[in-house]
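Undergrad: I would like the atomic coordinates for the input below:
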Amino acid sequence: MTKTKGQTGLLDRLIRLLLLTFLIITPHSAQGQQLKIRTAKEIPLAGAKDRPFFFKPVTMQFSPAGLLISESGENCLKLVGTDGRLKLTIGKQGPGPEEFDSPMGLDLFENRIYVADSFNRQVKIFNLEGKLLGSFRTDIIPVHLVVLAADRIIVSNRPNPLTGQESILYCYDSRGTKKWQAVNPVPSPDSVYFSLINEVFLKKDPNGNVFLIHRYNDPQILKIDAEGKITGKIKLDESYPLNRVEIPLKNGKKQIIIICWNVAHHGDKFYLQVPDKDRRGDFVPGKEVFVIDSNGQVVEKIRFPQSVRLLATDGSTFYIINTEDELYAYGVDQE
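TA: Next up is the predicted model:
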């Protein structure tokens, strides 16, 4: 049937109306224009004679006392000033009271340093002079931790895929008494895939909340209170870049979504490190950090001149450890 001129005009108006409606209800079009892109500029570490270097660092946490860094290569904890000066070294390889076997998560609470001593299955507590104040054993492999109070030490677990009974989060008091456990792992019959999709990071805010961020597959941040109740879910908006990759498993390949390489937190902002690809196509630490607000919206993107392996920030200065395990400090400017 041939359309008349009136019908064609009406159709054109309907199409324009639909397009206008689409533009109005699609927030990412306007959001993309508002996204701030900032460039990082190096700040000299005035207190360091040489470039600070760490042997296989796994965690870096900003605190009022300085940068807390755990080293798996030396099985020790280091406290470094924000000027790059080494202030304290704690521990060495071993099962003893002041020794570690793969220290991971770190936090500072009331001038006490809390450390997740993963393969010794302990949480250890030190003062700012490096003296051991206490420790307790766990029935899990502690990975990351945050401390909300002396009787609210929240620890992430590397759950065992064979038991089917372990949770991802556990809460202890300073004597090691378990207060609660929460967040069930995502099931999978493949042990490698199970371990990957249940790998998480933990952060906290001054209001007594814990934030759980999955490294893979789940693009939302869980908000959890001091009693282990999930009180909110912060979904990353669609403008946040998600990378998909196929990994070889026993029963063939399976796709996995990479949410972030690592994450920092300050105030009401999350700083998610986006991975990059090397020449072989493998995912590696990238040079871009996306800043996410408490609603999951991408509000800024920070570009660093080198790859970021670990990141910590006080909101204005950004401390990174690069792929050469060296420490740098940066400020950021508006482009």
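
Undergrad: residue closest to the middle of the protein?
TA: Central residue of the chain (CA atoms, centre = their mean): Val263, 2.7 Å from the mean position.

Undergrad: once you drop chain neighbours, what's closest to Pro44?
TA: Ranked by CB to CB, 6 or more residues apart in numbering and with sequence neighbours excluded, the top spatial neighbour of Pro44 is Ala329, at 7.7 Å. Every residue, glycine included, has its C-beta placed from N, CA and C.

Undergrad: mind listing what the helix or strand hosting that neighbour pairs with, with the direction of each?
TA: For Ala329, the host element (DSSP states H and E) is strand 327-334. According to DSSP bridges, strand 327-334 forms sheet pairs with strand 36-43 (antiparallel), strand 318-321 (antiparallel).

Undergrad: Throw those strands into JSON lines and include mean pLDDT, thanks.
TA: Shown next, in JSON lines, are the strands paired with strand 327-334 (pLDDT from 0 to 100):
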{"stretch": "strand 36-43", "mean pLDDT": "94"}
{"stretch": "strand 318-321", "mean pLDDT": "98"}
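
Undergrad: returning to what we had before: ok, the residue nearest to Pro44 touching Lys41?
TA: No - here Ala329 does not reach Lys41: they are 10.1 Å apart, not a contact under CB atoms under 8 Å.

Undergrad: looking at these two, which is more packed in?
TA: Neighbours per residue, other CB atoms under 10 Å: of Ala329 and Lys41, the larger number sits with Ala329, 20 against 11.

Undergrad: who's in contact with the residue nearest to the centre of the chain?
TA: Val263 sits next to Phe201, Lys203, Ile213, Phe270, Tyr271, Leu272, Gln273, Leu311 when contact means CB atoms under 8 Å, 6 or more residues apart in numbering.

Undergrad: quick one: the helices in the chain?
TA: Shown for the chain, the helices assigned by DSSP state H span residues 5-25, 27-34, 191-197.

Undergrad: output the strands paired with strand 327-334 in TSV; the columns should cover distance to Val186.
TA: Below are the strands paired with strand 327-334 laid out as TSV (distance: least, CB to CB, whole Å):
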stretch	distance to Val186
strand 36-43	34
strand 318-321	29
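
Undergrad: out of those strands, which one sits most buried?
TA: strand 318-321 (a mean of 25; mean count of other CB atoms under 10 Å).

Undergrad: got a list of contacts for it?
TA: Counting by CB under 8 Å, 6+ apart, 40, 54, 57, 60, 62, 67, 69, 82, 271, 289, 302, 304, 306, 308-313, 327-332 sit against strand 318-321.

Undergrad: name the nearest residue to Phe119, ignoring sequence neighbours.
TA: Asp101 (4.0 Å).

Undergrad: what does the model give that neighbour for pLDDT?
TA: Asp101 is assigned 97 on the pLDDT scale.

Undergrad: that one touches Asn120, doesn't it?
TA: Yes - the pair Asp101 / Asn120 is scored as a contact, 4.7 Å apart, by CB under 8 Å.

Undergrad: more crowded one of the two?
TA: Asn120 (22 against 16).

Undergrad: pLDDT at that one, what is it?
TA: So Asn120 comes in at 97 (pLDDT).

Undergrad: next up, the contacts around it.
TA: Pro95, Glu99, Phe100, Asp101.

Undergrad: identify the contacts common to Asp101 and Asn120.
TA: Pro95.

Undergrad: residues near the residue lying closest to Ile302 once chain neighbours are set aside, how many?
TA: Nearest non-adjacent residue to Ile302, counting by CB to CB, 6+ apart: Val289, 4.5 Å away. Summarising burial for Val289: neighbours were counted as other CB under 10 Å, giving 28.

Undergrad: Lys56 now?
TA: So Lys56, with other CB under 10 Å, has 12 neighbours.
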